[in-house]
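Enquirer: The following comprises the amino acid sequence and a computationally predicted model.
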There are 2 protein chains.
Amino acid sequence: MTVPSGRRERKKAATRQKIADTALRLFLERGYDAVGIRDVAAEADVAVTTLFSHFASKEALVFERDDDFEQRLTQAATGRAPHEPLIPALRREIQALVRHCTADSAAPIWRLIDESPALREYEESMRLRHAESLATAIAADPGLPQTTTACRTIARFAIDAYSLAREAADPEAAVDEIFQMIEAAWAVTCPTRRA
Amino acid sequence: MTVPSGRRERKKAATRQKIADTALRLFLERGYDAVGIRDVAAEADVAVTTLFSHFASKEALVFERDDDFEQRLTQAATGRAPHEPLIPALRREIQALVRHCTADSAAPIWRLIDESPALREYEESMRLRHAESLATAIAADPGLPQTTTACRTIARFAIDAYSLAREAADPEAAVDEIFQMIEAAWAVTCPTRRA
DNA sequence: AACATAACACTAACCGTTAGGGTTTAAGAA
DNA sequence: TTCTTAAACCCTAACGGTTAGTGTTATGTT
């Protein structure tokens, strides 16, 4: 089984994209609850079963790019410059992510999410997955002597910062405020060391 | 509308309890996914619509007592002894809650939850609700000069402690470890003050 | 060319949930 | 007591997300 990047892969990706685009458009036009899976499938000109072979659930249609989020997060931890401390690197990335999703262009999508309990719940459990990935990435760093619990805790805290900041009146200031707290929390886990 | 604690209320509570008990029994006997709402309703001898007038969803049947959890949490914050600092009070309560749900008698229920994605997801969003309640309770304390963001952050962190500790190899040690971090995080939000 | 299989389609169903509309019964007013 | 109101409950039917079963097409491989 060689690297298959041929027509088949391109077609599959195109189908997936068409479904996602159609879904988002319909959701924004008519509202999430007012659009059924059968509507999306019909408008994207695919069978319902095809739709579900690309997306695990209706909610997943809205969070199509969540892999990016996870990757950026873990990259911020594992791919940082040598000797750059962990927390500031996380802070920078989360600041960027918050800026990205509080931008005006993203507002309609987040309004969609905020108004649908199903989407909010889905996003919450997505965040836990992200926190777990981040925790694994942090724990994998041999330069950090922290316990597993400490790593998982800091990962959760970082995701909390993202989530809380997004809802705050001044998101960027909130990130800074919360990361001061996280910095302090992290400091107590490495007994004798300067920042 | 006077205090109505009459026969009607008792019957209603009895019905609710019978449904919850029946549901839990069936779930433990056959597994959460293998038992349908119609099964539970039939076994409890009520109509499906009645079941849903007592519980908002199938998952809610399992977390019947979640109000208790929320109350204990907010009580720990608002009802603590005068001049008792917030964080130790929270730590005590969460330690107790963790002990309570890692007890052997609770093991089958938590196995049920762990094995069902739907239940896990539900519990996650429940925790967020609890965190919000706790945040409100903390913010209502006039003795605490913290910002809203700081209060919401600490509330989240406390809930994280509960959630992470439950999954840790040594839950009680994990609570202690995480609360040292929380204590530090809280300390930086009240500039010049002793513990 | 022949084959294996990934991607897709169609139908029908399952299951949680809700709407619509009716019956009983407790609680309070007359 | 009797009457009235509304809460609690019941039943049927449906809606909408999701999946199983089965078949078709098109792509990459031998």
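Expert: Here it is on my side, so go on.
Enquirer: For the rest of this, base every contact and every neighbour count on C-alpha atoms.
Expert: OK.
Enquirer: show me where chain A has helices.
Expert: Applying DSSP state H to chain A gives helices spanning A:7-30, A:37-44, A:48-54, A:66-78, A:86-101, A:107-115, A:117-139, A:148-167, A:171-187.
Enquirer: With distance to DNA strand C, mean pLDDT and mean neighbour count added, can I get the ones you listed in JSON lines?
Expert: Formatted as JSON lines, the helices of chain A follow (distance: least, Cα to the nearest atom of the strand, whole Å; pLDDT from 0 to 100; neighbours: other Cα atoms under 10 Å in any protein chain shown):
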{"stretch": "helix A:7-30", "distance to DNA strand C": "4", "mean pLDDT": "94", "mean neighbour count": "16"}
{"stretch": "helix A:37-44", "distance to DNA strand C": "8", "mean pLDDT": "96", "mean neighbour count": "17"}
{"stretch": "helix A:48-54", "distance to DNA strand C": "5", "mean pLDDT": "97", "mean neighbour count": "15"}
{"stretch": "helix A:66-78", "distance to DNA strand C": "18", "mean pLDDT": "95", "mean neighbour count": "17"}
{"stretch": "helix A:86-101", "distance to DNA strand C": "29", "mean pLDDT": "97", "mean neighbour count": "18"}
{"stretch": "helix A:107-115", "distance to DNA strand C": "15", "mean pLDDT": "96", "mean neighbour count": "14"}
{"stretch": "helix A:117-139", "distance to DNA strand C": "11", "mean pLDDT": "97", "mean neighbour count": "19"}
{"stretch": "helix A:148-167", "distance to DNA strand C": "25", "mean pLDDT": "98", "mean neighbour count": "22"}
{"stretch": "helix A:171-187", "distance to DNA strand C": "33", "mean pLDDT": "98", "mean neighbour count": "21"}
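Enquirer: Residue B:7 is nearest to which of these?
Expert: helix A:117-139 (35.7 Å; Cα to Cα).
Enquirer: by how many degrees do the closest one and helix B:117-139 diverge?
Expert: 90 degrees (axes from the mean of the first three to the mean of the last three Cα atoms, to 10 degrees).
Enquirer: For helix A:117-139, give me every contacting residue.
Expert: Under the criterion Cα atoms under 8 Å, 6 or more residues apart in numbering or on different chains, residues A:59, A:70, A:73-74, A:77-78, A:113-114, A:144, A:146-148, A:151-156, A:158-159, B:121-122, B:124-125 lie in contact with helix A:117-139.
Enquirer: Please apply the same query to stretch A:173-190.
Expert: Taking Cα under 8 Å, 6+ apart as the rule, stretch A:173-190 contacts A:87, A:91, A:94-95, A:145-146, A:150, A:154, A:157-158, A:161-162, A:164-165, A:168, A:195, B:149-150, B:153, B:180-186, B:188-189.
Enquirer: if I look at the residue nearest in space to the middle of chain A, how far off is residue A:27?
Expert: With distances taken as Cα atoms, centre = their mean, the residue of chain A nearest its centroid is residue A:69 (3.7 Å). Per Cα to Cα, to the nearest Å, residue A:69 is found 22 Å from residue A:27.
Enquirer: Equivalent analysis for residue A:57, please.
Expert: Counting by Cα to Cα, the gap from residue A:57 to residue A:27 is 14 Å.
Enquirer: next one: residue A:104
Expert: 18 Å.
Enquirer: now swap in residue A:121 and tell me
Expert: For residue A:121 relative to residue A:27 (Cα to Cα), the value is 17 Å.
Enquirer: Also residue A:183?
Expert: For residue A:183, the distance to residue A:27 - Cα to Cα - is 40 Å.
Enquirer: Torsion angles phi and psi at the residue of chain A found nearest DNA strand C?
Expert: Per Cα to the nearest atom of the strand, residue A:46 is where chain A lies closest to DNA strand C, at 3.3 Å. For residue A:46, the backbone dihedrals are phi -130, psi 170 (criterion: degrees, to the nearest 10).
Enquirer: Likewise for residue A:81?
Expert: phi -60, psi 150.
Enquirer: do the same with residue A:141
Expert: Residue torsions, per degrees, to the nearest 10, at residue A:141 are phi -80, psi 110.
Enquirer: For it, give me its contacts.
Expert: residue A:78.
Enquirer: can you narrow the contacts of helix A:117-139 to ones near DNA strand D?
Expert: residue A:59 (Cα under 7 Å from any atom of the strand).
Enquirer: what's the burial count for residue A:143?
Expert: Neighbour count for residue A:143, taken as other Cα atoms under 10 Å in any protein chain shown: 11.
Enquirer: try the one 4 residues further on
Expert: Burial of residue A:147 is recorded as 13 neighbouring residues (other Cα under 10 Å).
Enquirer: give me phi/psi at it?
Expert: phi -70, psi 160.
Enquirer: Could you report the neighbour count for residue A:142?
Expert: 8.
Enquirer: What count of nearby residues applies to residue A:61?
Expert: Neighbours around residue A:61, by other Cα under 10 Å: 22.
Enquirer: For it, give its distance to DNA strand D.
Expert: 9 Å (Cα to the nearest atom of the strand, to the nearest Å).
Enquirer: and that residue, what does it touch?
Expert: A:20, A:23-24, A:55.
Enquirer: From chain B, how far out is it?
Expert: For residue A:61, the distance to chain B equals 18 Å [Cα to the nearest Cα, to the nearest Å].
Enquirer: pLDDT score assigned to that residue?
Expert: Residue A:61 is assigned a pLDDT of 97 by the prediction.
Enquirer: Also near DNA strand D: which of the contacts of residue A:61, exactly?
Expert: Okay, of these, nothing touches DNA strand D (Cα under 7 Å from any atom of the strand).
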